[in-house]
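Visitor: output the structure for:
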Amino acid sequence: MVKMRADYFTRYAVIVAFLGLALFNVGGFLAMALYPYPFSLLEDSYSEVGAIVDGNYGAGVLSVGLALAGALEFPIVVVYAREVVAGGRARSQPFALIGLAFQLLARVAVVFVGAFPTLPWRGAHDAAAILWIGGETFGVIFLMIELFRWRKELWWAIGGALVIAAGTIAWIPYATGAWEGMGVSEFVTMTLIYAFNVALWIRAYKGGAAIGKARGGTNEGEG
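Guide: Residues are numbered from 1 along each chain as shown. Predicted structure coming up:
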């Protein structure tokens, strides 16, 4: 069996994605540090630190970090999608294609999350945030389903399932009123999802952006 290797564009996409993630984290933590009013992840949403209000000089920092993260994490989804459709494999990997489509939606949505701060554009911000978090979540769900179809991908599928389970549990305190704000739930969910994404990025850098059949996997109907 020929060992798979990542091509130049795949490695470029991975490096750019990590740069986007770094900017996302730096922008977020810096915005929280600069926020001039009392803030708690237990009582507020993460986006509050990006509100355009008097004295909040960190608003632009968060917006730029979110927008750049979405743009820079776009190419890695493209290279994975390229491998799914290459050689006519799309029909045999439909869930992977759907999952990647959700990821593409999420990366576009997060740019708009940054472009429309929670104040004064609450409605547009919340809509974009729902598309972002929902897109990333359903992206993992459909990739997980695809991975479960291939014996070689079993442990990756289990990892995706654990991410979804833990992320769901993280929203229970907010849904039941134990936490007034959704900040912790947002933080835990996105941290888990990005951990799964980072693992896929590293895998792509080492062995190429391929899933299931493209990696030489076999499903239940194949030997």
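Visitor: pLDDT weak spots in this structure?
Guide: Applying pLDDT under 70 to the chain flags the ranges 1-4, 87-90, 213-223.
Visitor: centroid residue for it?
Guide: For the chain, the residue nearest the mean C-alpha position is Glu136 (4.5 Å; Cα atoms, centre = their mean).
Visitor: residue contacts, the residue nearest to Val198 when sequence neighbours are not counted?
Guide: Beyond its immediate neighbours in the sequence, the residue positioned closest to Val198 (Cβ to Cβ, 6 or more residues apart in numbering) is Leu21, lying 7.2 Å away. All C-beta atoms are positioned from the backbone trio N, CA, C, and that covers glycine. Applying Cβ atoms under 8 Å, 6 or more residues apart in numbering, one finds that Leu21 lies in contact with Ala69, Glu73, Tyr194, Val198.
Visitor: got the buried residues for the helix or strand hosting Leu21?
Guide: Using DSSP states H and E, Leu21 falls within helix 8-34. Neighbour counts over helix 8-34 (16 or more other Cβ atoms under 10 Å) mark 10-11, 13-14, 16-18, 20-21, 23-24, 27-28, 31-32, 34 as buried.
Visitor: number of residues surrounding the residue nearest to Tyr35 when sequence neighbours are not counted?
Guide: Using Cβ to Cβ, 6+ apart and skipping the chain neighbours, the partner closest in space to Tyr35 is Val49 (4.3 Å). Residues within reach of Val49, counting by other Cβ atoms under 10 Å, total 27.
Visitor: Val49 contacts Leu62, correct?
Guide: Yes. If you go by Cβ atoms under 8 Å, Val49 and Leu62 touch, sitting 5.9 Å apart.
Visitor: pull up the overlap in contacts between those two.
Guide: Gly28, Ala31.
Visitor: can you tell me how far the closest residue to Ala129 other than its chain neighbours is from Ser45?
Guide: Of all residues not flanking Ala129 in the chain, Val113 sits nearest, at 5.2 Å (Cβ to Cβ, 6+ apart). Distance, Val113 to Ser45, using Cβ to Cβ, to the nearest Å: 11 Å.
Visitor: between the two, which one's more packed in?
Guide: Legend: neighbour count by other Cβ under 10 Å for Val113 and Ser45, higher for Val113 (28 against 18).
Visitor: the more buried one: which element?
Guide: Short version: Val113 belongs to helix 94-115, going by DSSP H and E.
Visitor: let me see the ranges of the helices in this structure.
Guide: For the chain, the helices defined by DSSP state H occupy 8-34, 59-72, 74-85, 94-115, 122-148, 154-170, 172-175, 183-207.
Visitor: buried set for the third one?
Guide: Along helix 74-85, these residues count as buried under the neighbour rule (16+ other Cβ under 10 Å): Phe74, Pro75, Ile76, Val77, Val78, Val79, Tyr80, Ala81, Arg82, Glu83, Val84.
Visitor: lovely, talk soon.
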